[in-house]
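1. Pasting the sequence and the predicted coordinates here, then a few questions.
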Amino acid sequence: MVSAVDAGSRGNAVSGGNAGSGENAVSGGNVLDVRGLTVEVPGRRVVDGLSLAVGAGRVVALVGPSGSGKSLTARSIVRLHDPSGAVRVSGTILLGESDVLSLGRRELREVRGRHVGYAFQDAVASLNPAITIGRHLAETVRAHGSGDAYALGAAALKRCGLAADDVWDARPYELSGGQAQRAALALATVLEPGLLIADEVTTALDPVTQAEVLDTIRAQAAGEGRAVLLITHDLAVAGRWADEIAVLSDGRVVEHGPSAEILRSPSAPFTRALVAAARLEAPGGVSLEKRRGDRERPVLLSVRGVRRVLRGRARTTVALDGADLDVREGESVAVVGRSGSGKSTLVGVLAALDRPDAGRVVAGGRDVWALRERDRRALRRGTGLVFQDALASFDPRYTVERVVAEALAGGGGVADLLERVGLDPAMAARRPATLSGGERQRVALARALAAGPRVLLADEPTTGLDVIAQERILALLARLRRDEGLSVVFVTHDLRVARRIADRVVVLADGAVVEDLPASSLDAASEAETRALLEATPRLGEPGPA
Amino acid sequence: MPIADGGRALRKAAAEAEDQDPGAGAPPLSGGGGAPAPVTRGLLAMRIPVRRPGVWAAGAVLLALALAAVCAPLLTPYDPIATDTAATGLAPGSPGHPFGTDPLGRDLLARLLYGGRTSLLVGLTAAAITVGAGVLLGGIAAAGPRWLDELIARAADVLLSLPMLVVVLALAAVIGPSLGTVVLAVAATSWMSVALVARAELVGQRERLYVRAAYALGLSRGQVLRRHLLPGALPPIASIAAFEVGHAVLTESTLSFLGLGVPPNRPSWGNLLTEAQAHLLTGEWYTVAFPAACVVVTILAVNVLASAVARGEGRAW
């Protein structure tokens, strides 16, 4: 299905091109033309003389590590900055004929929504939970006084692969992650803007949903002649879904060209580093090293026939339904699956935090939920837990030092731990909010390791990180495994990461384990779910439709 | 009494906390926004911004007011109740009566100082009881079983829907007028807002990821409550507490005026204000200005102290 859509969009892209670009396109073909953009935040120049052009009907991926100024650039295009004036923008941003930076408030409002649609990374958070999707759409249409809200909204939803009847009266939290992101895209494009900015829209989505959403975006470019600025840190995504890639480093575009060409023969040193990191090749073969006799190692943690039902206010979800899993000493297990397959629930159960409705959780030969509360707490100390959103897992009032010190049950130094995870001990005095994504995840790892656990449970720890930070975290995990004999359960929706980190891959679907196989034989997987995940995962060196 | 004399209580608490877990006796760490500033560890793991001079000034003002009230006999030779027919209605600055006298010849400075005893005692105690009871009930509602939550929430709703004076009058009728009645009446009619806010904050915090992370570290419910939930719920509660101090001072004067609080001849800032109503239009501004200034300064100082309990959450653009 994925490839069919791709093929279709490829055909359209050729014929659509500049000619079919609609009323908002400009004569020169470039919908967006950024020249010498500079963005300064207090104490730092984040974007430094960036130039970039996006033509009608083209999907241009802006790729770069975190902190390279991708999002600031995107926000500058519609001037969505903190109104307090801490962010200073200079240069020219031509949208058609007009320079966005010289527009007044009223004209700027006209640009937002009508000429530029903006979709954010966290779709659910970008929508108001109190009002329905229909009202979001109607509000946007009315704000620009452009006719029948329902007709336009329904058409936009249809373009994004949603049926208006299904979602018009739904509130954002009632939708799945993919649906919410499509609804947000429909909202961004309801007035048929000439430019769509998609800011990391699929970062939090599983590969299958990601492929669906990105196919929708491509179809927008091809079918409606819309210019799309696709912001991503994932080169493979850019390679498969974008026509052109612009690589951003230190606030500047260091390389810009057709996707396939950039990936095949990157010329800038930074692009080469990025491509190398994105290949997720294990340096020195630490994690790919064959381990003999894994099956004979003692089982540290195991769940048997675990069922867990999440009871919400309005509906109940069976998150886990008869899941079995053994974690042996020193092994690394990747748990993969789509969103909603029960991955995170499984982590909660393994961590002895959530009590299963049925089934047994056995740690070190003892049934966890038959223990006294006190012993269970001691058990939790023997399991390190790392979350996807590291920052949210720290008390916002705490400094790095206190975050880590809390986990240290007396003895041992915070500085030692920080050094073990490759952080400067001087960071102890800082607040986690002032650290970068990769640094935060290291602090989370330091905390998880503080009590000297034998098992580390990591719930999508690299999902929000750019490839370079991700590669560093993965290398760190590999080193910790080797040096300390740590068992790792690594939840991810990214099969590339799973392959890189794990000895064994466990595939979850609908709350049960459908496949459990060595990472090396992943390509030979037979289950439909595993195949679907494999096929939806973009790979470098396998050029997409561009 | 976390609000009244925050500094002392917290320093004591810090000593206790470090006795409990020697491993946590870390050197003081950074303040807000990443700029290093020493902080003190508290019982509730609160952060006191030591480098904010306003907070210290507010504490000093409150301490000075309390000291002046306690040491009233040393600061003025006059009896606050004794009338002096030879010196009625003197303006401020008169010899021997720096703040002047009232129409009955009572020295205003003496009445202010002795009045501070009543007002500060009632204001701070009532606020402390209100906040204590409110946080306790809110905590029980947030953590306890469903029916208890419902019971507390409904009781709060009922009390909020009744006019405060009716409740207070009923209470005073049962217990009889006294200072204790005033404190009890203030607490009984104002714990609801604290409890409801505390409950809402605790429930909101409970769902956050860092609380789950804390449980994953093997912390007990009590430890999580003390280290993560309560400090998070504290800032809005502190704002309400500051408001409650002023509310208590004024309620005391209302009750005294109705004959349900302290006897009308006994000075309190509220009583002084009530008496001064009669002189408002006759040019004797000082009878109103001094007690009003005392009330305002107290409330301001408490508010500044409460603001020291900052959220402390960093912000990125």
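-> That came through fine. Numbering: from 1, shown residues only, chains lettered A, B, ... in the order given.
2. Which secondary structure element is home to the residue nearest the centre of chain B?
-> In chain B, the residue lying closest to the centroid (CA atoms, centre = their mean) is B:V245, at 3.7 Å. Per DSSP states H and E: B:V245 is located in helix B:230-257.
3. Show me the helices in the stretch 301-450 of chain A, by range?
-> Assigned by DSSP state H, counting those that start in this stretch, the stretch 301-450 of chain A shows helices spanning A:343-350, A:373-381, A:400-407, A:414-420, A:437-450.
4. right, and these - which one's nearest A:R500?
-> Across the helices of the stretch 301-450 of chain A, A:R500 has its closest neighbour in helix A:437-450 (15.8 Å, CB to CB). C-betas here are computed from N, CA, C, even on glycine.
5. picking that back up, as a markdown table, the helices of the stretch 301-450 of chain A with mean neighbour count and mean pLDDT would be great.
-> Formatted as a markdown table, the helices of the stretch 301-450 of chain A follow (neighbours: other CB atoms under 10 Å in any protein chain shown; pLDDT from 0 to 100):
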| stretch | mean neighbour count | mean pLDDT |
| --- | --- | --- |
| helix A:343-350 | 24 | 90 |
| helix A:373-381 | 15 | 89 |
| helix A:400-407 | 25 | 89 |
| helix A:414-420 | 18 | 88 |
| helix A:437-450 | 25 | 90 |
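6. Can stretch A:444-454 be said to contact chain B?
-> Yes: Stretch A:444-454 lies within reach of chain B by CB under 8 Å from any CB of the partner chain, at A:447, A:451.
7. State the number of residues packed around B:C71.
-> For B:C71, the neighbour count with other CB atoms under 10 Å in any protein chain shown is 11.
8. Likewise for A:L325?
-> 20.
9. What ranges in the chain fall below the confidence cut-off?
-> Went with chain A since none was named. A:1-28, A:82-85, A:280-296, A:312-315, A:410-412, A:541-546 (pLDDT under 70).
10. wrong one, I was asking about chain B
-> In chain B (pLDDT under 70), the answer is B:1-52, B:309-317.
11. ok, and what's touching stretch B:161-177?
-> Residues outside stretch B:161-177 that contact it (CB atoms under 8 Å, 6 or more residues apart in numbering or on different chains): B:159, B:181, B:184-185, B:188-189, B:251, B:254-255, B:258-261.
12. follow-up on the earlier one: quick one: residues contacting the residue nearest to the centre of chain B.
-> With CB under 8 Å, 6+ apart, B:V245 has these contacts: B:3, B:123-124, B:127, B:298-299, B:302.
13. again, only this time at 6 Å
-> Listed by CB atoms under 6 Å, 6 or more residues apart in numbering or on different chains, the contact set of B:V245 reads B:123, B:127, B:302.
14. What is the nearest of these to A:V63?
-> B:V302 (54.1 Å).
15. Check the offset of the helix or strand the closest one falls within from the chain's centre.
-> Element membership for B:V302 (DSSP H and E) is helix B:285-307. With CA atoms, centre = their mean, to the nearest Å as the basis, the distance from the averaged C-alpha position of helix B:285-307 to the chain average is 13 Å.
16. buried ones in it?
-> Using 16 or more other CB atoms under 10 Å in any protein chain shown as the test for burial, helix B:285-307 gives B:286-288, B:290-291, B:294-295, B:298-299, B:301-307.
17. Name the SS class of A:E107, please.
-> helix (DSSP: H, G, I helix; E, B strand; the rest coil).
18. Okay, it and A:E200: tell me how far apart.
-> 28 Å (CB to CB, to the nearest Å).
19. now swap in B:D84 and tell me
-> 80 Å.
20. higher neighbour count, those two?
-> Comparing B:D84 with A:E200 by other CB under 10 Å, the one with more neighbours is A:E200, at 20 against 15.
21. Not counting residues beside it along the chain, what's closest to that one?
-> If the residues on either side of it in the chain are set aside, A:E200 comes closest to A:Q121, at 3.9 Å by CB to CB, 6 or more residues apart in numbering or on different chains.
22. burial measure for that neighbour, as a count.
-> What A:Q121 shows, counting by other CB under 10 Å, is a neighbour count of 20.
23. Pull the contacting residues for it.
-> Contacts of A:Q121 by CB under 6 Å, 6+ apart are A:199-200, A:203.
24. Can you tell me the SS state at A:L508?
-> Secondary structure for A:L508, judged by three-state DSSP, is strand.
25. burial count for A:G365?
-> 9.
26. How about A:A475?
-> A:A475 has 18 nearby residues by other CB under 10 Å.
27. helices and strands around the helix or strand where it lies, which ones?
-> In this assignment (DSSP H and E), A:A475 forms part of helix A:467-484. Contacts defined by 3 or more CB pairs under 6 Å, 6 or more residues apart in numbering or on different chains; DSSP states H and E place helix A:467-484 against helix A:269-278.
28. Report the angle between the helix it packs on and helix A:467-484.
-> 50 degrees (axes from the mean of the first three to the mean of the last three CA atoms, to 10 degrees).
29. Packing partners of helix A:269-278?
-> Helix A:269-278 packs on helix A:467-484, going by 3+ CB pairs under 6 Å, 6+ apart.
30. The helix or strand following the helix it packs on: how far from the chain's middle?
-> Downstream of helix A:467-484, the next assigned helix or strand under DSSP H and E is strand A:487-492. Relative to its parent chain, strand A:487-492 has a centroid offset of 17 Å by CA atoms, centre = their mean.
31. Adjacent strands (with direction) for strand A:487-492?
-> strand A:332-336 (parallel), strand A:455-459 (parallel) (DSSP bridges).
32. so what's the residue sitting furthest away from the middle of chain B closest to, chain neighbours aside?
-> Ranked by distance from the centre of chain B (CA atoms, centre = their mean), the top residue is B:A86, with 39.3 Å. Nearest residue to B:A86 in three dimensions, chain neighbours excluded: B:G105, at 6.9 Å (CB to CB, 6+ apart).
33. Ramachandran coordinates for the one you found?
-> phi 80, psi 20 (degrees, to the nearest 10).
34. Likewise for A:I197?
-> phi -100, psi 120.
35. Would you confirm that it contacts A:L229?
-> Yes: counting by CB atoms under 6 Å, A:I197 touches A:L229, with 4.8 Å between them.
36. what does chain A have sitting close to chain B?
-> For chain A, the contact set with chain B under CB under 6 Å from any CB of the partner chain comprises A:41, A:82, A:86-87, A:351, A:353, A:377, A:380-381, A:385, A:392-397, A:399, A:401, A:405, A:407, A:410, A:429-431, A:433-434.
37. for chain A, which residue is closest to the average position?
-> Short answer for chain A (CA atoms, centre = their mean): A:T203, at 2.2 Å.
38. residue contacts, that residue?
-> A:Q121.
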